[in-house]
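Asks: sequence plus predicted model, see below.
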Amino acid sequence: MSIAAIIVAAGRGERAGNGLPKQQRRLGNRAVFQWSVDTFSAHHEIDQCILVVPAGHEADYANRCPPGTRIVAGGDSRTASVQAGLAACTPDTTKLVLIHDAARPGLSAKMISELIAALATSDAAAPALKLVDALKRQTEDAVTDVDRTALYRVQTPQAFRFANIQAALSDDGIYVDDLAAVEAQGGRVSLIAGDERLAKITYPDDIARLERLLLPMNASPRLGTGFDVHAFEPGDQVTLCGVAIPHSQKLAGHSDADVAWHALTDAILGAAALGDIGDHFPPSDPQWKGAASDLFLTHAVKIARKAGWQLTSCDLTVICEAPKVKPHREAMRQRTAEVTGLPLDAISVKATTTEGLGFTGRSEGIAAQASAVLSPLPAAD
């Protein structure tokens, strides 16, 4: 059974201020939309993660999502955007789908699991909070009480059987939310306990409120460093940051010998106190012979996230006499962004020489050093 997550981020979100759509505003170390994408992507039951964004702006989001996230263009309405997300799901195997507003960043793994479990006995499920404040209705003549018994504030994600929500939204009706479409079809709906951290960002003050709820007060960013060296051997190119660079020699190593990404992998693992690259990918293991180093880097980012840490920036320095790195630097930054999910402006790639000194000065190989900054993720319950 395949379970898909659709994160809707296609609205303009102008009421939140600052000139940016609310889903692109910064909340802590990430954009608002990244909070939900990261949480869904890390959940063991979610195997499709689909982000719906404004048409023509797909590239603005792609480099800031975990590998495997599918980016699709939204429509002119929220329903049209949800339909675009549903159309991007694998049709033959998708059984359940969770639909979430990107403007609700406080999603937890526990909430995802509880919604999936609720679908065992229901056609749809959603988190909801009971109303605790007194309600009043004001007219021109009077203020009157409103009975709050059995009234709820409904949040997202809203979870559905895939076939049911597809059918319910196919009639082009206008609904207050996706849950209402299933209700109109007579489907069985369950409400589970909501979470104040799932509050929606609508106005400027909402960002500050969610910062107080979501950002840990006692956790500081961590800095890790890495260093790696590979010698030259006969060949015709070297691989640096996943980019093949023509050269009169290649780097010797059990894997593809990408010295820059090896250093960065160690920096990430070091910042998260998770050992080093040799612990996770022993050179004595034949399965890693010739392996592409994006496997190592992706693994480091993933297990750091599972340990509660998010890579927020990195800085790499390549040390060699040749080949010249500068002509390939932007391609190296771009590939690193694609693999790590970092925005391009959070990645630095530099090169230097040792002025003819040492083994790099004698053109016997290439060295690289890297630093990585990890920031804490909010607790996932």
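Replies: Looks like it arrived, so ask away.

Asks: start and end of stretch 268-277, how far apart?
Replies: End-to-end span of stretch 268-277 (CA to CA, to the nearest Å): 10 Å.

Asks: A helix includes Ile165, no?
Replies: Yes - counting by DSSP: H, G, I helix; E, B strand; the rest coil, Ile165 is located in a helix.

Asks: how about it, what does it touch?
Replies: By CB atoms under 8 Å, 6 or more residues apart in numbering, Ile165 lies in contact with Leu86, Val97, Ile99, Ala124, Asp178, Ala181, Val182. Every C-beta, even on glycine, is put in place using the N, C-alpha and C of the backbone.

Asks: ok, Leu240 next?
Replies: Leu240 touches Asp258, Val259, Ala260, Val318, Val325, His328, Met332, Ile366, Ala368, counting by CB under 8 Å, 6+ apart.

Asks: specify the beta-bridge partners of it.
Replies: The partner list for Leu240 in beta bridges (DSSP bridges) reads Val243.

Asks: helix or strand for Ala367, which one?
Replies: strand 365-376 (DSSP states H and E).

Asks: cool, and Val301?
Replies: Going by DSSP H and E, Val301 is part of helix 294-306.

Asks: report the buried residues of that helix.
Replies: By neighbour count on 16 or more other CB atoms under 10 Å, the buried set for helix 294-306 is Asp294, Leu295, Phe296, Leu297, Thr298, His299, Ala300, Val301, Ile303, Ala304, Arg305.

Asks: which SSE is immediately downstream of it?
Replies: strand 309-319.

Asks: which parts of stretch 258-276 are buried?
Replies: Quick answer for stretch 258-276 (16+ other CB under 10 Å): 258-272, 274.

Asks: in helices, which of these fall?
Replies: 259-271 (DSSP state H).

Asks: take these and lay them out in TSV including distance to Leu374 and pLDDT.
Replies: Output for those, formatted as TSV (distance: CB to CB, whole Å; pLDDT from 0 to 100):
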residue	distance to Leu374	pLDDT
Val259	22	96
Ala260	19	97
Trp261	17	96
His262	18	96
Ala263	16	97
Leu264	12	97
Thr265	13	96
Asp266	13	96
Ala267	9	97
Ile268	7	96
Leu269	10	95
Gly270	10	95
Ala271	4	94
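
Asks: format these as CSV; extra columns: distance to Ile50.
Replies: Below are these laid out as CSV (distance: CB to CB, whole Å):
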residue, distance to Ile50
Val259, 36
Ala260, 32
Trp261, 28
His262, 33
Ala263, 34
Leu264, 28
Thr265, 28
Asp266, 33
Ala267, 31
Ile268, 27
Leu269, 30
Gly270, 34
Ala271, 30
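
Asks: for Val52, state which of those residues is nearest.
Replies: Nearest to Val52 among those, counting by CB to CB, is Ile268 at 29.7 Å.

Asks: which other helices and strands contact the helix holding Val301?
Replies: helix 32-42, helix 259-271, helix 277-280, strand 309-319, helix 329-340 (3 or more CB pairs under 8 Å, 6 or more residues apart in numbering; DSSP states H and E).

Asks: just how off-centre is it within its chain?
Replies: 13 Å (CA atoms, centre = their mean, to the nearest Å).

Asks: please parse this protein into its domains.
Replies: Using automatic domain parsing, the domain parsing of the chain gives 2-214, 222-376.

Asks: end-to-end on the first one?
Replies: Same thing as domain 2-214. 30 Å.

Asks: pLDDT averaged over it - what is it?
Replies: For domain 2-214, mean pLDDT rounds to 90.

Asks: return the set of buried residues in stretch 22-30.
Replies: Buried residues in stretch 22-30 (16+ other CB under 10 Å): Lys22, Gln23, Gln24, Arg25, Leu27, Gly28, Asn29, Arg30.

Asks: next, the third one: phi, psi?
Replies: The phi and psi values for Gln24, taken as degrees, to the nearest 10, are phi -100, psi 0.

Asks: without its sequence neighbours, what residue ends up closest to it?
Replies: Residue nearest to Gln24 in three dimensions, not counting chain neighbours: Ala31, with 5.2 Å by CB to CB, 6 or more residues apart in numbering.

Asks: which residues pair with the one you found across the strands?
Replies: Arg26.

Asks: isn't it up against Val37?
Replies: No - applying CB atoms under 8 Å as the test, Ala31 and Val37 come out as separate, 9.3 Å apart.

Asks: okay, those two: which has more neighbours?
Replies: Set side by side, Ala31 and Val37 show more neighbours around Val37, with 28 against 23, by other CB atoms under 10 Å.

Asks: hey, where'd the strands end up in the stretch 151-300 of the chain?
Replies: For the stretch 151-300 of the chain, the strands defined by DSSP state E, counting those that start in this stretch occupy 152-154, 158-161, 189-193, 222-234, 237-240, 243-246, 249-251.

Asks: pick the most buried one from those strands.
Replies: Of all these, strand 158-161 has the most neighbours on average by mean count of other CB atoms under 10 Å, namely a mean of 26.

Asks: can you give the distance of it from its chain's centre?
Replies: The answer for strand 158-161 is 21 Å, by CA atoms, centre = their mean.
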